[in-house]
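>>> Model the structure of this input:
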Amino acid sequence: MERGQLDLAAVAGGFDLQSTLESGQSYLWWREDGADYADRGPYGGDGWYLTTTRATGEPAVIRVRQRDGALEWESMIDANPVLRRRLRLDDDLDAIRAESPADDLVEAAYDAYWGMRLVCDPPFGSLISFICSAQMRVSRIHAMQQSLREAFGTPVEFDGRTYHAYPTPEQLAAASEDDLRALSLGYRAPYVRRTAGMVADGTRPEEARGKPYEAARESLTRFVGVGDKVADCVLLFSLSYLQAVPLDTWIRKTITEYYPDCACDSYAETSRAIRAQLGDQYAGYVQTYLFHYLRHADEI
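Take a look at the predicted model:
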């Protein structure tokens with residue numbers, strides 16, 4: 001086992017691991033204590049989070065926690081470059097905040113969860129997990145992804161325990177629809193199977209990267225079960241389109257209550273309006289802070 005740490009003193013704008021991983025951006029991490037993500041509780045610096053990676057070609061487990069101004073990690077590989085990329089530690093949060101609109105709601109959200117960053121998940125896992133997210137609670141989405149790992153992912157031995165890598169496109173494409181329904185995927189089962197088959201056959205979600213934003217969103221809707229909202233999630237949380245604003249229930253409610261002039265007749269028009277309202281270039285960052293802040297407003 002390898003161990004190391006990342007000094008957070010030099011990370012512009014600081015870092016908050018719990019908010020980053022428990023804000024509904026990623027379903028590819030889990031808490032070592034097995035607690036429901038809906039029960040945020042005083043986890044903070046002493047809690048370990050885990051994920052898997054194929055950064056070196058073979059599946060490996062990464063375990064990380066935030067403690068004493070550093071990210072401590074344990075893994076089978078050198079996890080530093082993986083964590084820097086997946087947790088976007090090179091983003092300058094101070095500069096991003098300076099480019100954001102200076103309205104009271106945005107400032108309150110930044111103050112409440114300062115240090116939260118966007119994630120940069122692997123494209124296939126991000127795509128499948130957000131297909132599974134439709135009309136589901138956060139805890140159920142996480143449970144689905146763990147079930148997919150355990151049913152179809154490659155076993156990985158780490159620190160005396162057996163974990164499972166996230167399934168490859170080929171592994172998921174080989175699953176039957178009945179197998180997937182047995183994991184409580186419901187109507188999403190054929191979407192997951194057919195999308196996995198598309199990716200296994202060479203149609204990759206990362207092909208959207210580099211296209212103009214709206215063309216990139218359209219590119220992702222080729223996949224079965226992917227509409228504009230899921231496409232925006234993949235663009236924002238995997239493909240580094242930091243202007244993307246997924247129009248889910250919470251953000252539409254936010255638009256209605258706080259930015260009613262942005263409510264338009266179509267997804268595309270509403271998307272353009274709210275992106276402009278939230279500062280365009282980093283609108284996805286602002287949206288993520290607002291999403292997390294408003295979901296937990298009662299706690300705050």
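
>>> what comes into contact with stretch 252-263?
Defining contact as Cβ atoms under 8 Å, 6 or more residues apart in numbering, one finds that stretch 252-263 is touched by 105, 247, 270, 273-274, 277, 290-291, 294. For every residue, glycine as well, the C-beta is placed using N, CA and C.

>>> What residues sit buried inside that stretch?
By 16 or more other Cβ atoms under 10 Å, the buried positions in stretch 252-263 come out as 254-255, 259, 262.

>>> what's the answer for stretch 211-225, then?
Going by neighbour count (16+ other Cβ under 10 Å), the buried part of stretch 211-225 is 211, 213, 216-217, 219-220, 223-225.

>>> And that stretch, how far out from the chain middle?
Between the centre of stretch 211-225 and the centre of its chain there are 17 Å (Cα atoms, centre = their mean, to the nearest Å).

>>> what does it rub up against?
Against stretch 211-225 from outside (Cβ under 8 Å, 6+ apart): 127, 131, 134, 188, 190-192, 194-195, 198-199, 203, 205, 207-210, 226-228, 230-232, 234-235, 239, 241, 243-244, 268.

>>> Restricted to helices, list the residues you listed.
127, 131, 188, 190-192, 194-195, 198-199, 228, 230-232, 234-235, 268 (DSSP state H).

>>> From those, list just the buried residues.
For those, a burial check counting by 16+ other Cβ under 10 Å picks out 127, 131, 188, 191-192, 195, 198-199, 228, 230-232, 234-235.

>>> Rebuild those residues as JSON lines, extending it with distance to Pro169.
JSON lines is the format used below for those (distance: Cβ to Cβ, whole Å):
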{"residue": "Leu127", "distance to Pro169": "10"}
{"residue": "Ile131", "distance to Pro169": "13"}
{"residue": "Arg188", "distance to Pro169": "16"}
{"residue": "Tyr191", "distance to Pro169": "14"}
{"residue": "Val192", "distance to Pro169": "11"}
{"residue": "Thr195", "distance to Pro169": "8"}
{"residue": "Met198", "distance to Pro169": "8"}
{"residue": "Val199", "distance to Pro169": "4"}
{"residue": "Asp228", "distance to Pro169": "23"}
{"residue": "Val230", "distance to Pro169": "17"}
{"residue": "Ala231", "distance to Pro169": "18"}
{"residue": "Asp232", "distance to Pro169": "22"}
{"residue": "Val234", "distance to Pro169": "14"}
{"residue": "Leu235", "distance to Pro169": "19"}
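
>>> residues in contact with stretch 77-86?
With contacts defined as Cβ under 8 Å, 6+ apart, stretch 77-86 is touched by 2, 4, 6, 51, 53, 55-56, 60, 62, 64, 71, 73, 89-90, 119-121.

>>> in this structure, which spans are strands?
2-7, 30-31, 49-53, 60-67, 70-75, 155-158, 161-164 (DSSP state E).

>>> related to what we said a few turns ago, taking the contacts of stretch 252-263 together, which two end up most distant?
Spanning the widest gap among these are Ala273 and Leu294, at 18.6 Å by Cβ to Cβ.

>>> picking that back up, between the strands of the chain, which one is closest to Trp114.
Trp114 lies closest to strand 60-67 among the strands of the chain, at 13.9 Å (Cβ to Cβ).

>>> in its sheet, what does the closest one sit against?
Partners of strand 60-67 in the sheet, by DSSP bridges, are strand 49-53 (antiparallel), strand 70-75 (antiparallel).

>>> Next, the residues that contact that strand from outside, please.
By Cβ under 8 Å, 6+ apart, the list of residues contacting strand 60-67 from outside reads 8, 15-18, 32, 44-54, 71-77, 79, 82-83, 156, 158-159, 163.

>>> Over to stretch 99-116?
13-16, 19-20, 23, 93, 97, 258, 277-279, 281-282, 285-286, 288-290, 292-294, 296, 300.

>>> ok, how many other residues are close to Pro155?
By other Cβ atoms under 10 Å, the residues close to Pro155 number 11.

>>> scratch that, Asp103
Using other Cβ under 10 Å, Asp103 has 13 other residues around it.

>>> do Leu89 as well
Look at Leu89: counted by other Cβ under 10 Å, it has 17 neighbours.
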